[in-house]
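[1] below is the sequence, then the predicted model.
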Amino acid sequence: MKRHDRVLADQYGLSIAQAHEQGLRKILLWGVDKYCFPRERDGPQCRAVPESFLPHNVYGKHTQDRNMRYADPRYLNSGTVIGPLGDLRDCVDAALILIEGTWNATFNHRNSDQFYLGKLYARQEVNHTMAITGGSIPNLKGTRKIPQFSEFGTEQTEYHMAVDHELAFTCTQCAKVDWMRNIALDRPEHHSVVKGNKPKKKHPFKPFTIQMPGLVDLQKEQLYE
């Protein structure tokens, strides 16, 4: 989460310590999607969430070429989350209030927790944008929406939510299958060598090594003690 905190602090022109003093920090890490679902074309959860901090060419020369497999991972996926229980409870309670205030029995995805949590994340990020810009929201045009206070039933906008752009915590399969491998970290010093590229791809490929992080190995030992 340090990188998320650094990016947020940089946006406000603060050091990480100064940002933390002002309550600006990322605590809850959610999974990430390359596609906004349930799709609400002009909804803030699909239009107003920030781009990732990944390199602009992270997927090679085809990055951002309108093919979903090369899209920027920026949308909240509610299937996985990690963080302190108290903060998670506050976030879920806020989502429940949002559900109560906006429930529509005819909406096809009315039972999607991701729809409501995505709106909560979008409201948080829109609030950051307005605080940084002095109130303006870039690219707000046409029928694009911003979060409405009346829907949320509370003035609180900050739930310290972040999405896992780097896939450091978890990886969903949606549009990521081409980049996934089965890895056995069973070589000496707990590393694995990825040797093959997907045969249907023509990207330049060079075998590379993946090393198990030391903290993971340590926790594994403690798990079985």
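    Perfect, I can see it now. Numbers count the residues shown, from 1 in each chain.

[2] show me which residues of the longest helix along the chain are buried.
    Using DSSP state H, we find that the single longest helix of the chain is helix 113-133. Across helix 113-133, burial judged by 16 or more other C-beta atoms under 10 Å covers 114-126, 128-129. Placement of C-beta: from N, CA and C, glycine included.

[3] do you know how far the residue nearest to C174 when sequence neighbours are not counted is from T157?
    Excluding the flanking residues, the one nearest C174 by C-beta to C-beta, 6 or more residues apart in numbering is D33, at 5.6 Å. Counting by C-beta to C-beta, to the nearest Å, the separation of D33 from T157 is 22 Å.

[4] residue contacts, the one residue sitting closest to the centre of the chain?
    The structure's the chain has its C-alpha centroid closest to V163; by C-alpha atoms, centre = their mean the separation is 1.9 Å. Neighbour list for V163: L29, W30, G31, V32, V49, P73, R74, Y75, L76, N77, Y121 [criterion: C-beta atoms under 8 Å, 6 or more residues apart in numbering].

[5] do the same with V193
    Contacts here follow C-beta under 8 Å, 6+ apart; on that basis V193 touches R187, P207, F208, T209, I210.

[6] in TSV, list these along with pLDDT, neighbour count and distance to Q11.
    Converted to TSV, the contacts of V193 look like this (pLDDT from 0 to 100; neighbours: other C-beta atoms under 10 Å; distance: C-beta to C-beta, whole Å):
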residue	pLDDT	neighbour count	distance to Q11
R187	73	12	41
P207	84	9	38
F208	83	9	32
T209	86	10	34
I210	83	13	31
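
[7] which ones among those residues lie within strands?
    Secondary structure defined by DSSP state E assigns F208, T209, I210 of the contacts of V193 to strands.

[8] quick check: bridge partners of the last one?
    What that stands for is I210. With DSSP bridges as the criterion, I210 is bridged to S192.

[9] what residues go with each domain of this protein?
    As assigned by automatic domain parsing, the chain contains the domains 2-179, 191-224.

[10] deepest-packed of the ones you listed, please.
    Comparing those by mean neighbour count (mean count of other C-beta atoms under 10 Å), domain 2-179 ranks first with a mean of 16.

[11] any idea how far apart the tips of that one sit?
    25 Å (C-alpha to C-alpha, to the nearest Å).

[12] the helix or strand hosting G86 vs helix 113-133, what angle?
    For G86, the element it lies in under DSSP states H and E is helix 85-102. Here helix 85-102 runs at an angle of 100 degrees relative to helix 113-133 (axes from the mean of the first three to the mean of the last three C-alpha atoms, to 10 degrees).

[13] what's helix 85-102 packed up against?
    Under the contact definition 3 or more C-beta pairs under 8 Å, 6 or more residues apart in numbering; DSSP states H and E, helix 85-102 sits against strand 28-33, helix 113-133, helix 149-152.

[14] at 10 Å what do you get?
    Applying 3 or more C-beta pairs under 10 Å, 6 or more residues apart in numbering; DSSP states H and E, one finds that helix 85-102 contacts strand 28-33, strand 75-82, helix 113-133, helix 149-152, strand 161-163.

[15] any chance of these in TSV, with distance to I16 and mean pLDDT too?
    Below are the helices and strands packed on helix 85-102 laid out as TSV (distance: least, C-beta to C-beta, whole Å; pLDDT from 0 to 100):
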stretch	distance to I16	mean pLDDT
strand 28-33	17	96
strand 75-82	20	96
helix 113-133	15	95
helix 149-152	28	82
strand 161-163	14	98
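
[16] with distance to T106 added, can I get those in CSV?
    Shown next, in CSV, are the helices and strands packed on helix 85-102 (distance: least, C-beta to C-beta, whole Å):
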stretch, distance to T106
strand 28-33, 25
strand 75-82, 22
helix 113-133, 14
helix 149-152, 17
strand 161-163, 28
